[in-house]
Every structure is written in C-alpha cells, then in structure tokens.
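Enquirer: Quick one: sequence plus predicted model below, questions after.
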Number of protein chains: 4
Amino acid sequence: MKAIKKVVLAYSGGLDTSVIAKWLEDTYECEVVTFTADLGQGEEVEPARVKAQALGIKEIYIEDLREEFVRDFVFPMFRANTVYESEYLLGTSIARPLISKRLIEIANETGADAISHGATGKGNDQVRFELGAYALKPGVQVIAPWREWDLNSREKLLNYCDQHGIEVERKKGKSPYSMDANLLHISYEGGILENPWTEAEDDMWRWTVSPEQAPDKATYLDLTYEKGDIVAINGETMTPATVLEYLNKVGGENGVGRLDIVENRYVGMKSRGCYETPGGSIMLKAHRAIESITLDREVAHLKDELMPRYAKLIYNGYWWSPEREMLQKMIDESQQHVNGIVRVKLYKGNIIVVGRQSDDTLFDEAVATFEEDAGAYNQGDAEGFIKLNALRLRIAADKGRNL
Amino acid sequence: MKAIKKVVLAYSGGLDTSVIAKWLEDTYECEVVTFTADLGQGEEVEPARVKAQALGIKEIYIEDLREEFVRDFVFPMFRANTVYESEYLLGTSIARPLISKRLIEIANETGADAISHGATGKGNDQVRFELGAYALKPGVQVIAPWREWDLNSREKLLNYCDQHGIEVERKKGKSPYSMDANLLHISYEGGILENPWTEAEDDMWRWTVSPEQAPDKATYLDLTYEKGDIVAINGETMTPATVLEYLNKVGGENGVGRLDIVENRYVGMKSRGCYETPGGSIMLKAHRAIESITLDREVAHLKDELMPRYAKLIYNGYWWSPEREMLQKMIDESQQHVNGIVRVKLYKGNIIVVGRQSDDTLFDEAVATFEEDAGAYNQGDAEGFIKLNALRLRIAADKGRNL
Amino acid sequence: MKAIKKVVLAYSGGLDTSVIAKWLEDTYECEVVTFTADLGQGEEVEPARVKAQALGIKEIYIEDLREEFVRDFVFPMFRANTVYESEYLLGTSIARPLISKRLIEIANETGADAISHGATGKGNDQVRFELGAYALKPGVQVIAPWREWDLNSREKLLNYCDQHGIEVERKKGKSPYSMDANLLHISYEGGILENPWTEAEDDMWRWTVSPEQAPDKATYLDLTYEKGDIVAINGETMTPATVLEYLNKVGGENGVGRLDIVENRYVGMKSRGCYETPGGSIMLKAHRAIESITLDREVAHLKDELMPRYAKLIYNGYWWSPEREMLQKMIDESQQHVNGIVRVKLYKGNIIVVGRQSDDTLFDEAVATFEEDAGAYNQGDAEGFIKLNALRLRIAADKGRNL
Amino acid sequence: MKAIKKVVLAYSGGLDTSVIAKWLEDTYECEVVTFTADLGQGEEVEPARVKAQALGIKEIYIEDLREEFVRDFVFPMFRANTVYESEYLLGTSIARPLISKRLIEIANETGADAISHGATGKGNDQVRFELGAYALKPGVQVIAPWREWDLNSREKLLNYCDQHGIEVERKKGKSPYSMDANLLHISYEGGILENPWTEAEDDMWRWTVSPEQAPDKATYLDLTYEKGDIVAINGETMTPATVLEYLNKVGGENGVGRLDIVENRYVGMKSRGCYETPGGSIMLKAHRAIESITLDREVAHLKDELMPRYAKLIYNGYWWSPEREMLQKMIDESQQHVNGIVRVKLYKGNIIVVGRQSDDTLFDEAVATFEEDAGAYNQGDAEGFIKLNALRLRIAADKGRNL
C-alpha cells in the first residue's frame, strides 16, 4: 500500500464521497482535504461544509467555478463544434479537467501528496481525473477507492456509515440512475437503461420538458457571437455562465436537448447513456450557423475533419495534453472572424436556425445570386475548372481503367 | 465551336430544357436525343415524351430509375452517415452520378458524341454532370448552354420559345425558387433566400408540414437493417425505393427533415439552400443508432473521421472516381454486421431513437452494468491502463514542460 | 494466481525462454507446449527440439513460417508504404501477429488454456502478442513472466538454471544489445544505444556492410510488380520469402537499409533503436515508384494520409482488429493496377530509382510533354481552373480579410 | 481583351521573359514594370537591369530576397517535415508565394493593375503565382502569355526577338531541360526525362556530385536547433540563408539530395522531375531527429498525419490561404521545445543521423533502460493497459466475430 500523508478528495457531500473520506483516513491513516465545486450542477454546495466538518475534516475547499468552467472549458470546446460519436456533447467529459486542475492546485497549496475521487473502475471519469492529475503533477499519488475496496453496493456503503458513525440522508425514492450534472448537462446511466431496447421513462428527465409538454408557441432568440463565443442574447450582454444558464432555461422549457445513445467508452465497453443538454444543443446549432457565413470553406472543412479527433481527446481525458493544446491553438485561430448574430427558433424539441448575419460575412450576394450578377462571376471559368479537375479521370479512362 | 453530330440531353420537359433542345439543334446543327428519368421527383415523366415529340425529337428515352437510384446510390451513401458540412444530406449531389451514367450509356447506344444538360455555370451540378461524363467516356463532348448562350433570363427564354414555336406552359404563380427534387429530397434556392438573415416562408415547403402543423400524437417506426441498409419497416419487407417513399411520407406528416443552411459550393461561393429530406433524416439518425451497438469503436471512429472527405467527394461530383470507390470498399466492409432493429419516434419535427437491438450487438450487459458484474470486468485493470496512458505526460511534466 | 492447465510458450531455445518453460511448470504446475517458428531470423530452429526435450516438454511445435510471414503479413503491409514515425519499417511489429495466431491455433489444437511469451513489461511486444491472443481467443489466459517474477537480471536467470538443472550455453562475448530478427529485419536496443547522442558502433551491425565497405560498383535490379507485390527480380519469378531473402542479400552487400532512430513506444516512453532492413528499404522505395505511375493522384494522396494511422495500428499491436482489416480492404483495392517494373540502383547505402514502366501506367506523354502536344491539353482551361479555385480567396480579400 | 494600364512582370532576364516584356507592351499597349529577385538561384540578378533597360523598361525592381525566402518560407515549411508524395521537398513550390507577394506589393507601389509571369499553361507554377496574386489583391488582372500567344516554340520566340530587336544570348548547347533554381533546390524536367523508364544522364546534375564521385571520407555536422529552425552549424551561428547555403555546399560535395520521381500535378497530369536539394535533404532528416527526442508522441503523430495535407496546400499553390495559416499556427506551436543538437554524417549520398541531444529531451533513460530501473516504471501496469485495450476485441470475439 502507498504511504500517504495527505489527500485531496473531490467531495460532493453525498453518500459515496462521505464514505470515501472516512475510508481514506482509516485505510491510509492520512489527513483528508475536501474539495467541493459548484459547476452549475443545480445543488447547493455550501451544505458540503457542514458534512465535511461532521466527518472531522479540517481543510475544506468550497468554490464557485461556474464562470471559469464555461469560459475556459465549455466555450473553447464549442468553438470546434465538438461532438463525440456524432451525438454526445461531452457534458461530463469537459468538467473533469477543471476538477483535476483544482485538485492538483489544492494539493500543492496544502502540501498533499495524493488525490482521490469517487469514480468507478469501469467508467471514463477515473481516466479523465487521473490523466489530468498526472499531467499536472507527475509524482502525485491517486487513490481510487472503487478500484480498491469491497464496498461495492449501496447496502455495504450504508453499513459502513452505520459502523463509522457517518450521518447520511437515506432518501426514499432515490433515483435508480447514476447521474452527473453541471452547467452543460445532466446525464443518466444504469437501471433500465442498461437494456438498449428499452425506451427511457419520461419521468427520468429533469431539466427539460418533453416536446409534447412544451409550449405551443415558438421562442425566438438572437445570439451574438464574438470570436466564436456567445457574448449576448437578444442584445443583452452576458457572462459565459449566464449565457449557458439562460439557454438551459429557455431550451429546457421548449423541450430541446434530450439525447439517448449507446456510446463507446475509452475503457473498452459500450454503454447506454441519456443526456439533457438544452443550452449546449442550441449553442452547437447556432455556432455552426455563424461559421457557415464567416468561415472560409477550407478552414471549415479542416475543422470538420479534425473535430472527431479533438472530441475523442476530450472524451478520453486528454484535455491536459500537448496535442489538445496544439489543436486548440488552431481552432482558436480559426475563430478570429466568427462574429455576428444567429437567430434561432425553439419549438417543441426543435432548434431551427432561421437567420444569420455578420459584418464579417463571406456570403457574397453579388456572386451567389441566381439573377443577373453584373459580371461578378464569369460562368465560362467553370469549363476550364471542370476540364482540369477531370483530366486525371479522363486519362485513366483513356488508358482503359473502368469505374 | 465544337463539331457535334448527336447529343444526348438530360431533358425534364420544362421550359429550360425544351429551349435547350431546340437551341442545340439550331446552334450545332446536330441531332438531339432526350433522356428523362423518374428519380422520384414527384412529377409524371411520361408527358415529357409528347413534349419531346413536339420538338421533333426522334430518339426519346424515358426511364423509371427509382429503385436503382436508392439501391446503388442513396443506400451506399447512407452507410457512411454522410453529411456535407455537418448538415446537408446531399440530396441533389447523389442523383447526378446516376444521370451522368445513363447519359453516357445512351450516348454509347445511340452513337452520340456529346451530352448536354440544363445546369448553370455557377452551381455544383454542372461539375457533377460533367466530371461523371468525362470519367465514364473521356472523349465525350459536353455542351452546357447556360455557359454559352445569352438567354440568361426567363423572359429571354420565353421569347425564344415564341420565335421558335416551342409550346410551354406559362404558369401563373411560378415558384420564385430554384428547385430540385428526387426521392431523397427537394431543394430550394434563390428568391428571398438569397439574404441569409431572412427566414424562409412557410408556404415554400412542399413535402413536410411544419412541426406546428404536425399531429399531436407521435408515430413509432421499427426499422430493420441488413448490412447497413433498411430492408423492412414495422416488420414488412420493402424494396429500397419503397423504404424511402414510406419514410418520406411518414416523416413529412410528422414535420421532420427540414433544413435551412448556408453551404460552400465547389465553384467557390457560399450559397443559401433550404432542403426537405424527411426519409433521409430518419435514415441517418437510425443508421447511427444501429451502428452504435454493432460497430466496433475504432471502426466507427475511423468512419467518422473519413466521412467528411467522403461527403465532399460526393458533393463535389467525384462519385465516379477511384478514390470514392476505394472509400466505398472500406465503408461496405464495415457494414457486414450492421444488422438489427431500430425503433424511432417521430413527433413534430423530432426524430428520437428510443430503442435498438441486434443479434450482432457488441453491447455487453454483463460488462457494462453498474451492478455487480460477476467478474466480467476487472476494475483493477484500469489503474495500469491509466498509468501507461499517462506515462508520456508524466515524463514531460517531470522534465518541466507546463500545460 | 490463475489456475492454468496447459500453456503454449513462444520458445526460442535460448536462455530466457528455457527458464520460462521451467518456471511455468513450477509456478503454475501446468503442462508446457513449446512453439518455435522460423521467420527467417537466420538461426536454425531445429535445435530447439532437443532443448525442449531436455526440459521434459512433450508437445513441441517447430515450424517454417517464412512464406506465410512474407506473403500474408510483410507484403500486405508494404502495399501501404508503411513507415512508423517516418522512419521505422516495422520489422518487429509485423512478425508478432503471426506468432500470436499460431500460439492460439496451437492452444486450440492441444487444449491449452493459456499462452506465454518472453517479452518484457516495458516494451511493445508484450502488447502485440497479447492483443492478438485476446482478439483471436478472448478467454485465453496470458502469462508474461517478466511482469511477474523477480528474475530480472541475466545473473538471476543463470542461477535459476543452475538450481533447476537447465543446460544453457554460456557464451562469452554475448551481444550487449537486445536483438530481434526475422526475414524483414534485425533490431538492436539497449547497451550504449541508451544514450541517443552516442553513435552506434560499426561492429554492431550484422546484416549489412557499411556504405564505406560496400562495393565501388553499383548493382542494378529490375523488380516486377503484380497488384502491388514483387513477383520477380531481374525477370526471374520468385516466391515472397525468396524475394525478400534475395533483396536482403543484395541490399546488405551494398550497405543499404541501416536505420538509427528514437521512437515512441505504445507503452509511453521514447526508446532508441537501430535496425537493418535491407530488403524492406528497397521494397519501400520501389513500391512508391511503381505506384507513382500507376496510381491515381487522389488514391495515392488518400493512402498517404491514412498510412501513418495504419502504421500505428501495426506498431501498437492491432493487426488482428476490425479497423486494420477495414483499412487493408481499402489498401488492397487500390493495388489492382499496381503492376509493372521498377529499376533500382544500389550503391554504397543508396537506393536510387532510375526507371519505372507499366502497361497500367497513367503517365501520359502526350499530355505531359513540354513539346507541342497536338491538342492533348488545352492550356486555356487553366485560366478557369485557377479563377474558380481562387474565388473564395478573392471574395475574402474583397471583404477585407488579410492574409 | 482586358484593358491594362501597367503590368508588373516577374522578369528573369532570359529569352522568355524578355519576349514577354515586349509582347505585353505591344499587345496590351501598357507600361511594363520588371521585377527580378535573387532567391539563390546561383545567377547574378544585376545583369537583368541592363537587359530591362535595353527593352525600354522604366521601372525596374531587382532585389535580394534570400534571407526572407529562407526565414519566412523555407524554414516554416521544414518545421512540418514537409514532403509532397513522400519524396518531393517542394523546392519550386515554396518560392512562388514570395514572388507573388512581391509582385503584388510592387503593383500597389507602382499603381499597376496587372501582373504577368512566364509560367506555362500546363504546369503548377501558373497556379501558384496566380492564386497568391488573387488572394493578396483580388481585383488584380493576371496575364499569362503562354496561355494566350502562339509563340509556342523556341524558334518562334527567337524570330520574335529578331522582328522586335530584342537582343538575347543564343547559347550553343543550351540545356535540354526545363530548369528552375533557388536556394532550396534546382529542378529538371522535359527532354529525355519525359520517358519515366529512361535513367537521367549524369551530366544533367549541377549542384551535387554523384555518390560515386563524392569523397571517400565522411563529413560530420553538428546542427543546432532553436524552435525547430537551424541557428548554428558546428557551433557557429548563421542566418537562415547562410545555413542553407552552407548545407547545400557540403551536401553537394558529398553527393546527397538527388531525387528522380514521377509526381502528380495539380492541373491533372503526371510528370517526371529530377531535383537536387542537398541542404533541404539534410534539414529534413535532421529535423525529424531533433523532434524524435523533443516532441510528445501524440503531437508528433498528429503532425505526421496532417503533413501530407499541408504539403499538398503548398504544392497546389495555397500558401496564401487561411487554411495554410491555420495549420502553420499549429505547426509553429508544436516547435516551442524543438531545441538541441543533431549530429549527421554525410557520406557518398547518405545522410546518417548519428546523435541527438537536447536540454528539452523527453527521452528518459531511467524509464527506457533495459537495465534495472529503480522503480521508474512499474511493469505490472502493462497488464491492465493491455487488458483494457483488448476489451473491445475480446467482447467482439466472445460474440462470435471472426477476424
């Protein structure tokens, strides 16, 4: 067993991480520092202080990281129109690197030699937490209790609480799903979802109404972009976190942003997940629209071709890596002219782009028009363009190659 | 001017191509063969025979190509989850190579030395028609009247008809849009759409009701896949064209498949287009879902990364090229196990996947479960997995590199 | 500890694997089957039989796999011009999947439930052996003694031999390098090479003379290709293994094929390696040359862009994977017309292509000539080609974008 | 015909561009400004002044651009290990964007509305010149006489000189090749090279001796890198152009850098070219070596996979494009730590890397060693690493998928 003096624990205040706090002290005979972050998960974080104190924790960190989360993680990711496996908006993945960063910073501040988290040994989150930690502090020790202990059921955890005097709320009607939430999304796994043929129950969803229950009247939004990020909604300037909160609210009311998929985990298995990402879904659609008039074609295509790789990096936990930073440099460079306004219409689950405008538009009405263009474009040029693009095909056919 | 003896014209029976038929005879003093295909555009093709006869055409080809179109072009394309610039389902692009192929085959049958079409010099279609033609018959002459003549307005075309005794219907209330339709989609360009900030008018759309007007009750569909293609709907076996017709009908009734984008043309300008692709939109979503449980992760990711390139090939007109065929070989190889059933729910513009099952599933409930897994997965393996994946990052950090 | 009944061991007859054979019996109380393959490493394999018998092994497999190795592994890999990190020809990597395959087949024949190998826990080979084994027989047990035991030095291994009555040759002047050889190459690692600044000693190299010592007169070879593989040299038809043996001999005499690099291992560290690949180096250069006149440009470029990924798959041990097979399908498809003759000149370390010809050439002298081309190419087409390719750049510049 | 007032001509002082100067004046009745640049082609540029004056040119620009050429074009390109079609070092391609830039700058200074060049309508250079020009000055007129006039032979050009009183040297024994030279390379096309089976004649090569004629004794060089560029040779600090001149000289003496290939032109045909790139060949090899110890693995692989696309951009003439700039940003970002020294050995055509060292090395001897590593690496981690990487393969095999 590793010799540990002090460990920083990513602490939610819930059953699992409360047990972990105690178990770490007992097992490693070490001090425990708790770190609780408000990433917009929708629950108060302050109660975690009392719970930590009740566990005898002396160093307690509780922080509101919402603005940093959206500004430095969510927004940069959306500049690439990032989607994992064509569907998943990476709501869980993108929160992990920020937590890793703060865990390591707190370890450095408090002189801790280890970090710990409550992620299981089957999932992606352990990888994301730990890759980030190792990248930022290569000698750090990582304790992942779920990979070590035998408390592998809710019943055993509750017994452990009884034996060690840990007070926890024993909620009736606890959600049958494994959930994770932050400003970008809420996720559901497990329970009946483990059969990919079973439709998700409607009462599972928490942030969005169903399209059926959404209002009969559409909502229109004008989203103002600067360098690829939304800076104002309906003309009102907002901070990054406020933008996302606003879009989550309006999106959720209109039933947009639900997703039900089977995805491929980095650790090797397929898993079913349901996600609500109302604000993110709007942002993705709108960002593509503002890029459609402001990005050069080849720049856009290069971004498109690299996006799956960038998404995979984030999904797999490589936010803190030189290859992600290299790609980010390129992505950010591409956003210099991604300015303007996109108008979207939300209606019962639909996100519909109905207009886009920009002082930096590359849409040239004089050239594009079906009407007389006064010489802006010489149609005769097309013949040579086609002829030379066809040349290699013609030579091959001449030489007897058949398609 | 090229010396032409006989030319095969892609003939719709409408104003433009009727003028072209006459203009070709007059300008090149050559025979004209007309070719009219039913690709599911929703209009009768047989009337084109009478119109061609009225123009004095002696060799008239009228063909129903719907099954070939869907079986050999649309379905292979959908195996790759093909989308151009993240949005466009390539409805126009995918019809052109079939027309090129038939034009050339008819040229060979009739001894023609040229082909002609009614596409303008500003668009992508001229490129698609001509690249295909040159690839299949390298010595063919291509006549693109819109790049040559000065009949560059509707008024001039009508005058030409009057002068040359061509009978055409002079519809009142002709659509202000440039449209194209086939079984996969109908497209709209021009008119008020030339301003990307202007919302499309609701009466423009022809195949779909708006989400607002769609039924209040959802429609569920079970789609059965074999090797990546839909072979049955709700348990009933159907031919490829019937599948697409059925999905278009049900999709259109439920308001799904509308799209409004600004895209980048191969000839270099941005253009606004609106598209209705009800069946295709369902097929895309469902195909991703059946792949999500039957494709290996790395196979799926490789397909995802190559898809934009494959889409670009089709968009730009390179269906008939060795690189498309090479990619197709790989894509088709990947579909051997893409079998099973996807259940989708259609509701007011939404296409929601609610279930997927397959005898070829790679989803392993024993491994994926959040419950006790009886040793199917050893959580301890994750530590080594993470440690070695982190090794390069730890070494770099140890050597003083900062992220 | 795993319960093992019978294990198939990749057995060379040398010190390490002899100790492993004994250690497996003692540690797991299981039967051991030995498998020794001739892959062209240049040593007799038959002596391994006597050594295995001396260890009391009852099931002994000794096989000449040279033709299978070159035909089914080396040649398919060279069709892609495969090079890892721009330099390494994958000589070790490509031999592992064949060994994995035979280990598993023998396990199935002999009813063994495990396999074992002598690769260390730091290298790539363990990964290659084991990924292949798991992919071909998912329930197989793998025993990697170097990751388990404490016999981590040559001295301890020799002591173990003394204690257990294993006879081994105690060579004086044993090579200070860790080496691996097969028909494609011989590799050197360790010793003074562990300092990347230190030049390799000339007496390390075994298959090639130095350029300095090579003949003063060049050697010319005519290599005949069919579907991307060499089938004859100087007009004489040869089997795959014979082709490679011949090229190794001639190449080695002319001092070609030495390589000294630092590479990135899959397990996360950089390592220095020296390689001799005389035949492979000639094959790479010549294959590129025959492709240069027989492959379509876009096919060639697509292959080039995917090659690093294909190389990485093989380097990392994913030969037996659906993604490698999918890529192989595409690569093989591209080779249908890669037929013809390449003439190379070997001189003191240089491999110089001096001629290439093919009935399937796409080189069109009439079009390519600097002389009068009698209308084969219309220079005027270039204007339209350039104008439309420039259109997006001109629009951007017109709108004030600066490069 | 375009109405032109003043045209800036890329003027070499040779026959072709002297005729062009006169022909432009006569044909377009416009003023001609000549621009002659020293890019290290090895010929004096000052004589062009007298020749231009003799033609009556009033505005004559003669400039030494060698440092700018190497610093801002060659070096940035080499940071990406750029090679077109695995072989060609882009010596011609990389000089064109600098000439385009100066042509346009001079047009702006002199109030010219057009540029002109002496490239033919079959090659890549016309594309490179003109794409650059249009990107930098979208309204510029471009005159490419070879695409317009009928002076399509040397004889006709000489007759034109006689008729118009242009004095040109009528060299006996003019090279039968079409050549281009600058500090990076000299190229040969045409003549007997138009048959790809014909070996180049030894007296064609100008910058390098043959390997046979090179010294019997090797030359060693120590190349010092800073941020991916060579800043010193054998400890002596040098400017970019001096670095390349030095390497050309030493490389040429040792017979390195000859290349004989068939390449695919952007305009659609294959062409045979021979190139001498002594300094560039050394730079490529050495740069890969310094990167091998200083670049992260994933950064290196990402660069490798994008390199063919970057090379194609430059080859095709898109240096002045937003996509090239976006890629450059990423490439330059990757070079922050590419510092250190590479030792190369030159011997009779061979460029052999024999050592590399760096304060920024990521080579970790403690981890990499074959000896006892004192715990720097835990071999047991490999088991979990392999097991999870194999998981998807094992599940597939368990479900009956065969490889």
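Expert: Everything's here; your move.

Enquirer: residue boundaries of the strands in the stretch 251-400 of chain A?
Expert: Counting by DSSP state E, counting those that start in this stretch, the stretch 251-400 of chain A has these strands, from start to end: A:258-264, A:270-276, A:340-347, A:350-357.

Enquirer: name the helices or strands packed onto the first one?
Expert: This means strand A:258-264. Taking 3 or more Cβ pairs under 8 Å, 6 or more residues apart in numbering or on different chains; DSSP states H and E as contact, the helices and strands that strand A:258-264 lies on are strand A:270-276, helix B:278-294, helix B:297-316, strand B:350-357. No exception for glycine: its C-beta is placed from N, CA and C like everyone else's.

Enquirer: Could you report the neighbour count for the closest residue to A:Arg79 other than its chain neighbours?
Expert: Closest residue in space to A:Arg79, ignoring its immediate chain neighbours: A:Gly228 at 4.3 Å, by Cβ to Cβ, 6 or more residues apart in numbering or on different chains. By the criterion of other Cβ atoms under 10 Å in any protein chain shown, A:Gly228 has 24 neighbours.

Enquirer: hang on, the earlier thing: so which of the helices and strands packed on strand A:258-264 gets nearest chain C?
Expert: Set against chain C and scored by Cβ to the nearest Cβ, these come closest in helix B:297-316, at 4.0 Å.

Enquirer: How about that closest one and chain A, touching?
Expert: Yes: for helix B:297-316 and chain A, the contact criterion (Cβ under 8 Å from any Cβ of the partner chain) is met by B:297, B:300-301, B:304-305, B:308-309, B:312.

Enquirer: packing partners for that helix?
Expert: Counting contacts by 3+ Cβ pairs under 8 Å, 6+ apart, helix B:297-316 packs against strand A:258-264, helix A:297-316, helix B:125-136, helix B:322-334, helix C:322-334.

Enquirer: what angle do that helix and helix C:322-334 make?
Expert: Helix B:297-316 and helix C:322-334 are oriented at 40 degrees to each other (axes from the mean of the first three to the mean of the last three Cα atoms, to 10 degrees).

Enquirer: tell me the domain boundaries of chain A?
Expert: Domains of chain A are assigned by automatic domain parsing as A:6-79+A:86-164, A:178-295+A:337-357.

Enquirer: Now mean pLDDT too, for those domains, in a markdown table please.
Expert: Shown next, in a markdown table, are the domains of chain A (pLDDT from 0 to 100):
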| stretch | mean pLDDT |
| --- | --- |
| domain A:6-79+A:86-164 | 96 |
| domain A:178-295+A:337-357 | 98 |
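
Enquirer: Let me have the ones you listed in CSV, adding distance to D:Val127 as columns.
Expert: Output for these, formatted as CSV (distance: least, Cβ to Cβ, whole Å):
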stretch, distance to D:Val127
domain A:6-79+A:86-164, 32
domain A:178-295+A:337-357, 23
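
Enquirer: so what's the residue nearest to A:Arg96 when sequence neighbours are not counted up against?
Expert: Spatial nearest neighbour of A:Arg96, excluding adjacent residues (Cβ to Cβ, 6+ apart): A:Arg128 at 3.6 Å. By Cβ atoms under 8 Å, 6 or more residues apart in numbering or on different chains, the residues touching A:Arg128 are A:93, A:96-97, A:100, A:316-317, A:319.

Enquirer: Tell me the most packed of these, by neighbour count.
Expert: A:Arg96 (29 neighbours).

Enquirer: Show me which residues of the strand or helix carrying that one are buried.
Expert: Here A:Arg96 sits within helix A:96-110, counting by DSSP states H and E. Going by neighbour count (16 or more other Cβ atoms under 10 Å in any protein chain shown), the buried part of helix A:96-110 is A:96-104, A:106-107, A:110.

Enquirer: Stretch A:161-175 too?
Expert: A:161, A:166, A:168.

Enquirer: What is the neighbour count of the residue nearest to the last one when sequence neighbours are not counted?
Expert: Right, the one you point to is A:Val168. Excluding the flanking residues, the one nearest A:Val168 by Cβ to Cβ, 6+ apart is A:Leu15, at 4.9 Å. Residues near A:Leu15, counting by other Cβ under 10 Å, number 20.

Enquirer: residue closest to the middle of chain A?
Expert: Ranked by distance to the mean C-alpha position of chain A (Cα atoms, centre = their mean), the top residue is A:Gly91 at 2.6 Å.

Enquirer: for the residue of chain A found nearest chain C, what are its contacts?
Expert: Per Cβ to the nearest Cβ, A:Gly384 is where chain A lies closest to chain C, at 2.6 Å. A:Gly384 sits next to C:378, C:380-385, C:387 when contact means Cβ under 8 Å, 6+ apart.

Enquirer: swap in A:Asp359?
Expert: A:339-340.

Enquirer: Can you report phi and psi for it?
Expert: phi -70, psi -20 (degrees, to the nearest 10).

Enquirer: how far away is it from D:Trp197?
Expert: For A:Asp359, the distance to D:Trp197 equals 58 Å [Cβ to Cβ, to the nearest Å].

Enquirer: again, but for A:Asn264
Expert: 50 Å.

Enquirer: ok, now A:Lys217?
Expert: In terms of Cβ to Cβ, A:Lys217 sits 75 Å off from D:Trp197.

Enquirer: what about those two, which has more around it?
Expert: Counted by other Cβ under 10 Å, A:Lys217 and D:Trp197 do not tie: D:Trp197 has more neighbours, with 17 against 9.

Enquirer: how near is the more buried one to chain A?
Expert: 16 Å (Cβ to the nearest Cβ, to the nearest Å).

Enquirer: re earlier: ok, residues contacting the helix holding A:Arg96?
Expert: Contacts of helix A:96-110 (Cβ under 8 Å, 6+ apart): A:6, A:8, A:10, A:33, A:35, A:37, A:39, A:59, A:61, A:63, A:65, A:68-69, A:72-73, A:112-115, A:117, A:125, A:128-133, A:136-137, A:140, A:317, A:319-320.

Enquirer: and the residue lying closest to A:Asn195 once chain neighbours are set aside, how many residues sit next to it?
Expert: Spatially, and ignoring its direct neighbours in sequence, A:Asn195 is nearest to B:Glu365 (7.2 Å; Cβ to Cβ, 6+ apart). Look at B:Glu365: counted by other Cβ under 10 Å, it has 16 neighbours.
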